[in-house]
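Colleague: Here is the input, now give the coordinates:
(chains A and B)
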Amino acid sequence: MADHRRQFRAIKGTRDILPPDSALWNWFEQTARDLFESYNFRDIRTPAFEDTNLFARSVGEETDIVHKEMYSIGDSLSSNLSFARWMLSKSHETSVRTHDIQPFWKSVDSFLRACDEAFASEEIGRKGDDDVQCFEKIKAIRSEAGNDPENTEDAAREILSLANTIGLHGLMSLRPEATASVARAYIENGMQTLPGNVKLYYIGPMFRRERPQKGRYRQFYQIGAEVLGQSDAPAIDAEVLEMLVVFFKRVGLTRTTLYVNSIGCKECRPKYVEVLREKLREVKDQLGPDSQRRIDTNPLRVLDSKLPEEQAIIAKLPRISDHLCAECREHFAKLKEELNMRGIAYEENWRLVRGLDYYTRTTFEVTAEGLGSQNAVCGGGRYDGLVELLGGPPTKGIGFAIGSDRAILSIQEGGTLPHLSGLAVFVAWMGQAAYPTAVHITRKLREAGLAVELPAEEMKFKKSLGLADKLGARYALIIGEDEVAAGTFTLKRLADSEQKKLSEYELLEYLESERRGRG
RNA sequence: GUGAGCGUAGCUCAGCUGGUAGAGCAUCGGUCUGUGGCACCGAGGGUCGCGGGUUCAAUCCCCGUCGCUCACCCCA
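Modeller: Numbers count the residues shown, from 1 in each chain, chains lettered A, B, ... in the order given. This is a model prediction of the structure:
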């Protein structure tokens, strides 16, 4: 018996994309394919899940993104360990709030015990050397910190980050993005030996364990492109941006804005971050609690703050454009020249930053209308450090990812919707004598590439036409006694009721040319 | 993790200081056995998200819970 209370429903943050929306999605993705191929990008399909460490390393292991925001499966160590780690981060939060470090040390001890047990279990063969090293390190820090209460804060943070890396061996995660996967595939398949720059694109679902909100899902879809190779010529960046702009134009997403910035390289950015941090400390008491926290954790993110009362302060902060090294400044200037030459409209946004270390120089973002606070439909940038970070040869890279969910939402909320052709022909047959003819001609029409609906059961003629109308068919093909006797078909155009008698040959000719006319 | 708003038919919603439910659209059938869109008539479809409390009586009031939505945090 069906129990309404226990009906299955899509998991939080996931959804069904149904017709007719799914046709819009297919068109959206096909438009990307066609366009990207014309820029000589090629499709790459990587697995939907990968070694957790791939994502952990690319995203920076010190962040808690790994444990909070990814879907991970197959933990080879005991769930005890996961629980102990969770307790550890909880008690750290509490310690920070209450300024009482004692509960944290207790959690550290029970975490170490959990490690001991996990290492000693039958799964010991699967633990990594890294795990043991981290384990020993935590032990060392823990005993040291007891003697030096000055540094407990730093020690705690280090322990947390070490703890987060233990037990990741054999752990797999659903991909939260695809750049790391593409970089991994590039390395694994020796693609650096391919001629020229390697230009790849991908289309598919990604997974992040975030609270859903407007345009934000736990399973969401991205269309991305990456250029990997030896060159970091600004023209590559410009071509990627051109392709992006053309894409948004082609899908009718007109009210978009492209923001561009340069965040320097590993030489100049750290210096800027320090300058920024210094300045932020000076104005600390004028900032909200979130921004105050970011001064230490991620000063660049302060620039992102949306709080109205902070805007005036942020406007006076030092800008990275004044702190770029000569090479980066040159690269950015050339990029802007290229964009102008290509007639690409953009806005320079010095507050557009990316937090992760492997990002270099060019960053960009596209925002669209009608999306509430989640208005970015595309983000990207240069990541010259990533491939090497993942153990590959020194390689330059740039790429972007378009959030399809949001982009399509924006199209639906004010863009120009494409006219997507649906059902071409509804075969309105009546009388068993007409049925074999109906089956035959239906197959012929389908072979010619037309979408055809053939009712499985005989219907009253009026119903038949009514259904044809409701299904949105462009034509009704009428086959009854008269047609069978005369060996012809009656084709009725539903839009204007125009009707003509045709032979099979004429019918196929007519409908095929009509189809070609529709593109 | 935090906050706010909302849960009544497939969809959009109504429901009066509390008297165990309605409309429009959609679906199906009929008027209508060779001509759709219109009109008219009819039908199916609901333990009013779930649990508890107050009450003679709860869709309505109270508490809890689950779900959805939006925003914050985060955003690779």
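Colleague: Nearest the middle, which residue of chain A would you pick?
Modeller: A:Gln222 (3.7 Å; C-alpha atoms, centre = their mean).
Colleague: Name the SS class of it, please.
Modeller: Recorded secondary structure, A:Gln222: strand (DSSP: H, G, I helix; E, B strand; the rest coil).
Colleague: residues touching the closest residue to it other than its chain neighbours, list them.
Modeller: Closest residue to A:Gln222 apart from its sequence neighbours, by C-beta to C-beta, 6 or more residues apart in numbering: A:Ala401 at 4.5 Å. Yep, even glycine has a C-beta here, placed from its N, CA and C like the rest. A:Ala401 makes contacts with A:177-179, A:222-224, A:378-380, as judged by C-beta atoms under 8 Å, 6 or more residues apart in numbering.
Colleague: Throw those into a markdown table and include distance to RNA strand B and pLDDT, thanks.
Modeller: Below are these laid out as a markdown table (distance: C-beta to the nearest atom of the strand, whole Å; pLDDT from 0 to 100):
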| residue | distance to RNA strand B | pLDDT |
| --- | --- | --- |
| A:Glu177 | 4 | 94 |
| A:Ala178 | 9 | 96 |
| A:Thr179 | 6 | 96 |
| A:Gln222 | 10 | 98 |
| A:Ile223 | 15 | 98 |
| A:Gly224 | 10 | 98 |
| A:Cys378 | 11 | 96 |
| A:Gly379 | 6 | 95 |
| A:Gly380 | 8 | 95 |
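Colleague: Next, the buried residues of the helix or strand in which A:Phe400 is found.
Modeller: Per DSSP states H and E: A:Phe400 is located in strand A:396-403. For strand A:396-403, burial by neighbour count (16 or more other C-beta atoms under 10 Å) applies to A:396-403.
Colleague: The residues you listed into JSON lines, with extra columns for pLDDT and distance to RNA strand B?
Modeller: Formatted as JSON lines, the buried residues of strand A:396-403 follow (pLDDT from 0 to 100; distance: C-beta to the nearest atom of the strand, whole Å):
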{"residue": "A:Lys396", "pLDDT": "97", "distance to RNA strand B": "17"}
{"residue": "A:Gly397", "pLDDT": "97", "distance to RNA strand B": "12"}
{"residue": "A:Ile398", "pLDDT": "98", "distance to RNA strand B": "13"}
{"residue": "A:Gly399", "pLDDT": "97", "distance to RNA strand B": "10"}
{"residue": "A:Phe400", "pLDDT": "97", "distance to RNA strand B": "10"}
{"residue": "A:Ala401", "pLDDT": "97", "distance to RNA strand B": "8"}
{"residue": "A:Ile402", "pLDDT": "98", "distance to RNA strand B": "13"}
{"residue": "A:Gly403", "pLDDT": "97", "distance to RNA strand B": "10"}
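Colleague: how about the residues of the stretch 351-500 of chain A near RNA strand B?
Modeller: Residues of the stretch 351-500 of chain A lying close to RNA strand B (C-beta under 7 Å from any atom of the strand) are A:354-356, A:372-374, A:379, A:430, A:460-463, A:465-470, A:478, A:480-483, A:490, A:492, A:494-497, A:499.
Colleague: Can you tell me which of those end up in strands?
Modeller: Counted as lying in strands by DSSP state E, out of these, are A:379, A:478, A:490, A:492, A:499.
Colleague: Mind telling me the two of those residues farthest from one another?
Modeller: Farthest pair in those (C-beta to C-beta) is A:Gly379 and A:Thr490. Separation: 55.2 Å.
Colleague: how many neighbours does the residue nearest to A:Arg218 when sequence neighbours are not counted have?
Modeller: With C-beta to C-beta, 6+ apart as the criterion, A:Arg218 has its nearest non-adjacent residue at 2.8 Å, and that residue is A:Gly13. For A:Gly13, the count of nearby residues is 17 (other C-beta atoms under 10 Å).
Colleague: Tell me which helix or strand A:Gly13 sits in.
Modeller: Residue-wise, A:Gly13 maps onto no helix or strand under DSSP H and E.
Colleague: For it, give me the backbone phi and psi.
Modeller: As for A:Gly13, its main-chain torsions (degrees, to the nearest 10) stand at phi 80, psi 0.
Colleague: Look up how far A:Phe55 lies from it.
Modeller: 18 Å (C-beta to C-beta, to the nearest Å).
Colleague: tell me the pLDDT at A:Arg5?
Modeller: Here, the pLDDT recorded for A:Arg5 equals 46.
Colleague: Please give me every residue in contact with the closest residue to RNA strand B within chain A.
Modeller: In chain A, the residue that lies nearest RNA strand B is A:Gly372 (2.3 Å; C-beta to the nearest atom of the strand). For A:Gly372, the contacting residues are A:213-215, by C-beta under 8 Å, 6+ apart.
Colleague: So that I can see them in ChimeraX, could you write out a selection of the buried residues among those residues?
Modeller: Selecting only the buried entries of the contacts of A:Gly372 in ChimeraX, with 16+ other C-beta under 10 Å as the criterion:
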select /A:215
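Colleague: Turn the contacts of A:Gly372 into TSV, including distance to A:Cys325.
Modeller: Converted to TSV, the contacts of A:Gly372 look like this (distance: C-beta to C-beta, whole Å):
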residue	distance to A:Cys325
A:Gln213	39
A:Lys214	40
A:Gly215	37
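Colleague: can you pull out the helices in the stretch 51-200 of chain A?
Modeller: A:52-59, A:65-69, A:79-98, A:102-120, A:129-147, A:152-165, A:179-188 (DSSP state H, counting those that start in this stretch).
Colleague: Reformat those as TSV; add mean neighbour count and distance to A:Pro270.
Modeller: Output for the helices of the stretch 51-200 of chain A, formatted as TSV (neighbours: other C-beta atoms under 10 Å; distance: least, C-beta to C-beta, whole Å):
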stretch	mean neighbour count	distance to A:Pro270
helix A:52-59	22	19
helix A:65-69	17	21
helix A:79-98	16	25
helix A:102-120	18	29
helix A:129-147	14	24
helix A:152-165	19	19
helix A:179-188	22	22
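Colleague: can you count the residues close to the closest residue to A:Asp43 other than its chain neighbours?
Modeller: Spatial nearest neighbour of A:Asp43, excluding adjacent residues (C-beta to C-beta, 6+ apart): A:Tyr201 at 6.2 Å. For A:Tyr201, the count of nearby residues is 23 (other C-beta under 10 Å).
Colleague: could you say which helix or strand contains A:Tyr201?
Modeller: A:Tyr201 belongs to strand A:198-207, assigned by DSSP H and E.
Colleague: buried stuff in that strand?
Modeller: A:198-204, A:206-207.
Colleague: Could you do stretch A:325-334 as well?
Modeller: A:328-329, A:331-332.
Colleague: so how far is A:Arg474 from the closest residue to A:Glu458 other than its chain neighbours?
Modeller: Distances taken as C-beta to C-beta, 6+ apart place A:Met430 nearest to A:Glu458, at 6.6 Å, with adjacent residues excluded. For A:Met430, the distance to A:Arg474 (C-beta to C-beta) stands at 20 Å.
Colleague: now the helices: where do they sit in the stretch 201-350 of chain A?
Modeller: Using DSSP H, counting those that start in this stretch, helices in the stretch 201-350 of chain A cover A:234-250, A:268-282, A:289-297, A:299-302, A:311-315, A:326-341.
Colleague: Among the ones you listed, which comes closest to A:Asp116?
Modeller: Closest among the helices of the stretch 201-350 of chain A, using C-beta to C-beta: helix A:289-297, at 31.2 Å.
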